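[1] For reference, the sequence and a predicted model appear below.
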Amino acid sequence: TPPEPVLELRDVVIHYGRIRALHGISLQVGAGELVTLLGANGAGKSTTMRGISGLNRLTEGEIRFNGEVISGLAPHERVKRGIIQVPEGRRIFPGMTVLENLDMGCYGRKFESKSSYDEALDRVFDLFPRLAERRKQYGGTMSGGEQQMLAIGRGLMARPKLLLLDEPSMGLAPMVIQQIFRIIAQINADGTTILLVEQNAQQALSRSDRGYILETGTITKEGSGKDLLVDDAVREAYLGVA
Ligand code: ATP
């Protein structure tokens with residue numbers, strides 16, 4: 001059992017019109033944990049993330065954050081509580097500079113002082129020195145890996161209590177993927193609770209405390225990252241080994 005749950009989904013059902021995308025999923029993320037939700041294309045990973053951030057409405061079930069039911073709250077109310085989503089496909093602002101993109105992460109959020117803004121920015125630049133070097137460069141001119149770093153950095157500027165990462169490795173070269181996962185593990189080690197959605201089983205599970213397997217809208221398995229990584233069915237389905 002995980003530590004004190006920060007995030008708890010109970011029997012969550014989500015529809016798109018008449019299509020039932022999630023069939024009643026339950027999962028937990030404990031304080032300080034790095035948890036992976038692993039699933040193939042179309043399994044419902046993004047739908048789950050969007051349910052947590054409030055972009056998809058639940059038709060059944062509930063979501064709790066630090067014990068409080070949040071599934072009825074508007075997305076901005078969840079952001080205010082520290083639930084920050086880094087969307088799939090990065091969605092940075094191509095016509096804005098790196099620094100402007102980062103500032104968008106804390107747009108409308110009050111910092112106690114200039115120095116707390118500087119601290120947040122310093123932390124992002126410590127994690128991603130490349131972003132510091134390129135702070136005046138336009139987002140759209142950065143490489144795929146740099147754009148993913150920028151998307152995560154922008155999320156961190158909102159000072160998340162729970163960081164939702166939707167397929168951060170998507171479309172990136174193996175070397176860059178390793179780098180991104182190392183940084184994700186670092187962010188978690190620094191104290192941020194993370195729920196990660198991935199198809200890259202090896203990298204994600206090897207760095208996760210726990211994981212859940214999502215198949216066509218149902219959670220079929222859960223366990224420690226290490227146990228799932230050596231599970232025969234998981235290896236066959238997600239690691240391409242029989
Ligand atoms: P991917 O890795 O491809 O993003 P996923 O695991 O995130 O996959 P979802 O995008 O959550 O999967 O999709 C889950 C199911 O819901 C799929 O069957 C998909 O076709 C369906 N779906 C997703 N978005 C919509 C939508 N806007 N309208 C109708 N059906 C949708």
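    Sure, I can see it.

[2] check contacts around the nearest residue to Glu60 once chain neighbours are set aside.
    The shortest distance from Glu60 to any non-neighbouring residue, by CB to CB, 6 or more residues apart in numbering, is to Val13 (3.8 Å). For the C-beta atoms, the positions are set from N, CA and C on the backbone; glycine is no exception. Applying CB atoms under 8 Å, 6 or more residues apart in numbering, we find Val13 in contact with 20, 22-24, 58-61.

[3] Neighbours of Asp209, how many?
    By other CB atoms under 10 Å, the residues close to Asp209 number 18.

[4] which bits of the protein sit near the ligand?
    Applying CB under 6 Å from any ligand atom, one finds that the chain approaches the ligand through 16, 19, 21, 39, 41-47, 88.

[5] Farthest-apart pair in those residues, please.
    Using CB to CB, these reach their maximum pairwise distance at Ile19 and Glu88, which is 19.0 Å.

[6] out of the two, which sits in the busier spot?
    It is Glu88, of Ile19 and Glu88, that has more neighbours when counted by other CB under 10 Å, with 17 against 8.

[7] where does the closest residue to Arg159 other than its chain neighbours fall, helix, sheet strand or coil?
    Nearest-residue entry for Arg159: Ala120, 6.1 Å, with adjacent residues in sequence omitted and distances by CB to CB, 6+ apart. Secondary structure, DSSP: H, G, I helix; E, B strand; the rest coil: Ala120 is helix.

[8] contacting residues for Ala120?
    By CB under 8 Å, 6+ apart, the contact set of Ala120 is 106, 111, 156-157, 159.

[9] that older thread, now which of the contacts of Val13 would you call buried?
    Those of these that meet the buried threshold are 22, 24, 58, 61, by 16 or more other CB atoms under 10 Å.

[10] if I look at the last one, how far off is the ligand?
    According to CB to the nearest ligand atom, to the nearest Å, Gly61 and the ligand sit 16 Å apart.

[11] Which of the helices or strands spans that residue?
    Assigned by DSSP states H and E, Gly61 belongs to strand 60-65.

[12] pLDDT (mean, whole number) over the following helix or strand past that strand?
    As assigned by DSSP H and E, the chain's next helix or strand after strand 60-65 is strand 68-69. The average pLDDT for strand 68-69 rounds to 96.

[13] Who does Gln85 form a beta bridge with?
    Leu164 (DSSP bridges).

[14] what's the straight distance from one end of stretch 27-43 to the other?
    15 Å (CA to CA, to the nearest Å).

[15] Then stretch 130-137?
    By CA to CA, one end of stretch 130-137 lies 11 Å from the other end.

[16] Only the buried residues of that stretch, if you could.
    Those would be 130-132, 134, 137, for stretch 130-137 by 16+ other CB under 10 Å.

[17] Next, the buried residues of the longest helix anywhere in the chain.
    Looking across the chain with DSSP state H, the single longest helix is helix 174-189. For helix 174-189, a neighbour-count test (16+ other CB under 10 Å) marks 176-177, 179-181, 183-185, 187-188 as buried.

[18] And stretch 25-32, by the same measure?
    By 16+ other CB under 10 Å, the buried positions in stretch 25-32 come out as 25, 27-30, 32.

[19] ok, now stretch 230-240?
    Applying 16+ other CB under 10 Å to stretch 230-240 flags 231, 234-235, 237-238 as buried.

[20] nearest to the ligand, of the residues you listed?
    Taking CB to the nearest ligand atom as the measure, the ligand sits nearest to Tyr238 out of the buried residues of stretch 230-240, at 12.5 Å.

[21] Contacts only, for Glu146.
    130-131, 134.

[22] Got phi/psi on the closest residue in space to Glu68 that isn't next to it in sequence?
    Distances taken as CB to CB, 6+ apart put Arg81 closest to Glu68, at 8.0 Å, once the chain neighbours are dropped. When read as degrees, to the nearest 10, the backbone of Arg81 gives phi -80, psi -10.
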